[in-house]
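>>> sequence and computational prediction follow.
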Amino acid sequence: MDAVAEKKPEIHHGRNVKIARTCENVTQEDLAFRMDTSQSKISALELQKVIDDDTLNKVAAALEVPVSFLKNFQPEDAVKQYTYNNYEAINATATADNSTINNYNYPLEKITELYDKLLQEKDKQIDKLEKQLSSFQKQIDELKAQLK
């Protein structure tokens, strides 16, 4: 029966180093500088499945992240937790009292009335601008006449 138990994926330390590095917006070159090593060694480190504790401690210090993150983080668990939390939030919203659901069912007459008001306001604005334009045109003509 134990053989049927779910197999827990192994933790990949190198992948966790890369995740922590990219989350901190640190390049391989910058991390190498912080650890007094080369970029190629950081690249190789990120490919290693298991990294010794001393190196993990140095990486954690250089990135200013908890060493427990580098040792224990599993992206699969984070995805599962995120999916579970979203499912719970959606389920809670769906089963909530119907009074909390927004019903935007406006009557057509009300929408038409509001639209007509908008059109009237637009027409007023156009008339106002046309009067201003006419006034400016008169002022321009008067100035031209004075210059002659």
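Arrived safely, thanks for sending. Computed from a predicted structure; not experimentally measured. Residues are numbered from 1 along each chain as shown.
>>> got any ranges where the chain has weak pLDDT?
1-9, 78-106 (pLDDT under 70).
>>> middle-most residue in it, spatially?
In the chain, the residue lying closest to the centroid (C-alpha atoms, centre = their mean) is Cys23, at 13.7 Å.
>>> what's the host helix or strand of Asp54 packed up against?
Element membership for Asp54, per DSSP states H and E: helix 53-63. Under the contact definition 3 or more C-beta pairs under 8 Å, 6 or more residues apart in numbering; DSSP states H and E, helix 53-63 sits against helix 13-23, helix 28-35, helix 67-72. Quick note: C-beta positions are derived from backbone N, CA and C, even for glycine.
>>> tell me the buried residues in that helix?
By 16 or more other C-beta atoms under 10 Å, the buried positions in helix 53-63 come out as Thr55, Leu56, Lys58, Val59, Ala60, Ala62, Leu63.
>>> same check, this time on stretch 39-54
Ile42, Leu45, Glu46, Ile51.
>>> can you list contacts of that stretch?
10, 12-15, 17-18, 21, 28-29, 31-32, 35, 55, 59, 70 (C-beta atoms under 8 Å, 6 or more residues apart in numbering).
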